[in-house]
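Chemist: With the input below, show me the fold.
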Amino acid sequence: MRVRECSPYYLRVGDLHDVRTNGKSQSMPQPSPLLTARRRRLGVELRRLRERADLSATQAAALVGATQSRVSNIEAGRYGVSADRVRTLARHYDCTDEPLIEALAALTGERRRGWWEEYRDMLSPRMLDLTEVEHHATTVRVAHIINIPGLLQTPDHARALFSQTVPPLKPHEIEHRVSHRIKRQEILHREQPPPYTAIIHEAALRMRFGDRATVRGQLHHLNEVSELDHVTITVVPFHSGPFHTSGQGIDYFHGTVRQLDTVQLDTDHGAELIDSPAQLDRYRLILERVEQAALLPAKSRDFIAQLAQDL
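Modeler: Below you'll find the model as predicted:
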């Protein structure tokens, strides 16, 4: 362990909460009430770098002329931090991975509120976190066994799905969720969309949400979206054997560097975001195995078309 002397160069207004100049305490900006997924993830990664360097929060604070509470609040995502501050901390933590450092610095640059913030009083924080991570992903890969992936659902399918929620939702609550889900789908149609791969089990395709027309419309929609250059949809038929997700839907969001990938699991209590390195490795392996069991894209389109025709 080692603690370097603090230099005035590292003191920056807006970065520190309780610093001293000429022996007098100065008041600094208070934490933002808006905790975004990206700010929390930045804090998590900075804590991992600090712990890897075998430094306590108190020692890290001494390196940059901050208080221990300030460092802890940054790591908890309660305080914002500048890109320069991130680079300074990374240097003190002996991190030499420049792509990672720049990717972390880039997490500080989003100052505008995302469109999903208009839903903050209507939807759970977990759902908004999912939307934020999804919006910034460089590549999206999903594997679903029971439900059609959210980015591929039609409004009628989504409406029928939300109508089955326990406890029941009120009509206006259902419409809020439907409009949010459809707006999420804009990432597939924006100017520079991320590559998107969906692996869907036959069970999800055969689930009946809504009337026959709704089901048929959903199947036709899958094949229409699969024609987009950046979208790949494949099907795992029943005869392929076990599905390796244990019944959970997996959404894998690639970050700008591998360390910033995120997995989202569908659970009974809502979306669960996972970012631990060991778990990311595990879900990458699961997706690889599921992909091996799926039909090729062309055969998958034929499979879906046949299901629609059989209705």
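
Chemist: residues in contact with residue 138?
Modeler: When contacts are counted by Cβ atoms under 8 Å, 6 or more residues apart in numbering, residue 138 touches 194, 254, 255, 256. The C-beta positions use only the backbone N, C-alpha and C, and glycine is treated the same way.

Chemist: can you pick the most crowded of the residues you listed?
Modeler: residue 255 (21 neighbours; other Cβ atoms under 10 Å).

Chemist: in this protein, which spans are strands?
Modeler: Remark: strands assigned in the chain by DSSP state E are 18-21, 24-27, 139-144, 196-201, 231-236, 250-254, 262-267, 270-274.

Chemist: Find the residue closest to residue 137 in space, skipping its chain neighbours.
Modeler: residue 253 (3.8 Å; Cβ to Cβ, 6 or more residues apart in numbering).

Chemist: Would you mind listing the residues in contact with that neighbour?
Modeler: For residue 253, the contact set (Cβ under 8 Å, 6+ apart) comprises 133, 134, 137, 139, 140, 261, 262, 263, 264.

Chemist: And residue 128, how far from residue 189?
Modeler: Residue 128 sits 21 Å away from residue 189, going by Cβ to Cβ, to the nearest Å.

Chemist: So those two - more neighbours on which side?
Modeler: More neighbours surround residue 128 than the other of residue 128 and residue 189, with 20 against 10 (other Cβ under 10 Å).

Chemist: any idea of the mean pLDDT for stretch 161-181?
Modeler: Summarised as a single mean, pLDDT over stretch 161-181 is 96.

Chemist: what does it contact?
Modeler: 116, 119, 122-123, 127, 131, 147, 150, 153, 155, 158-159, 209.

Chemist: Across the sheet, point out what pairs with the nearest residue to residue 140 once chain neighbours are set aside.
Modeler: Excluding the flanking residues, the one nearest residue 140 by Cβ to Cβ, 6+ apart is residue 196, at 4.8 Å. Residue 196 has these beta-bridge partners by DSSP bridges: residue 140, residue 231.

Chemist: Tell me which residues touch residue 196, please.
Modeler: Counted by Cβ under 8 Å, 6+ apart, residue 196 has contacts 139, 140, 141, 142, 151, 188, 230, 231, 232.

Chemist: so how far is residue 71 from the fourth one?
Modeler: Right, the one you point to is residue 142. To residue 71, residue 142 is 36 Å away according to Cβ to Cβ.

Chemist: Comparing the two, which residue is more hemmed in?
Modeler: residue 71 (29 against 23).

Chemist: ok, which stretches of the stretch 51-200 of the chain are helices?
Modeler: Using DSSP state H, counting those that start in this stretch, the helices of the stretch 51-200 of the chain run over residues 57-64, 68-75, 83-92, 98-106, 125-136, 155-162, 171-184.

Chemist: list the buried ones in the fourth one?
Modeler: This means helix 98-106. For helix 98-106, the neighbour count (16 or more other Cβ atoms under 10 Å) marks 100, 101, 103, 104, 105, 106 as buried.

Chemist: burial count for the nearest residue to residue 47 once chain neighbours are set aside?
Modeler: In this structure, residue 47 finds its nearest non-sequential neighbour in residue 75, 4.2 Å apart by Cβ to Cβ, 6+ apart. When counting by other Cβ under 10 Å, one arrives at 22 neighbours for residue 75.

Chemist: Verify the stated contact: residue 75 with residue 46.
Modeler: Yes - shown here, residue 75 and residue 46 form a contact pair, counting by Cβ atoms under 8 Å, at 5.7 Å.

Chemist: related to what we said a few turns ago, kindly provide the distance from the residue nearest to residue 137 to residue 60.
Modeler: Taking Cβ to Cβ, one finds residue 253 at 29 Å from residue 60.

Chemist: Check residue 186 too.
Modeler: In terms of Cβ to Cβ, residue 186 sits 40 Å off from residue 60.

Chemist: neighbour count winner among these two?
Modeler: Using other Cβ under 10 Å, the more surrounded residue of residue 186 and residue 60 is residue 60, with 26 against 12.

Chemist: hang on, the more buried one packs against residue 92?
Modeler: Yes - if you go by Cβ under 8 Å, residue 60 and residue 92 touch, sitting 7.0 Å apart.

Chemist: How about the contacts made by the most centrally placed residue in the chain?
Modeler: Computing the C-alpha centroid of the chain and ranking residues by Cα atoms, centre = their mean puts residue 133 first, at 2.9 Å. Contacts for residue 133 (Cβ under 8 Å, 6+ apart) come out as 37, 38, 253, 262, 264, 273.
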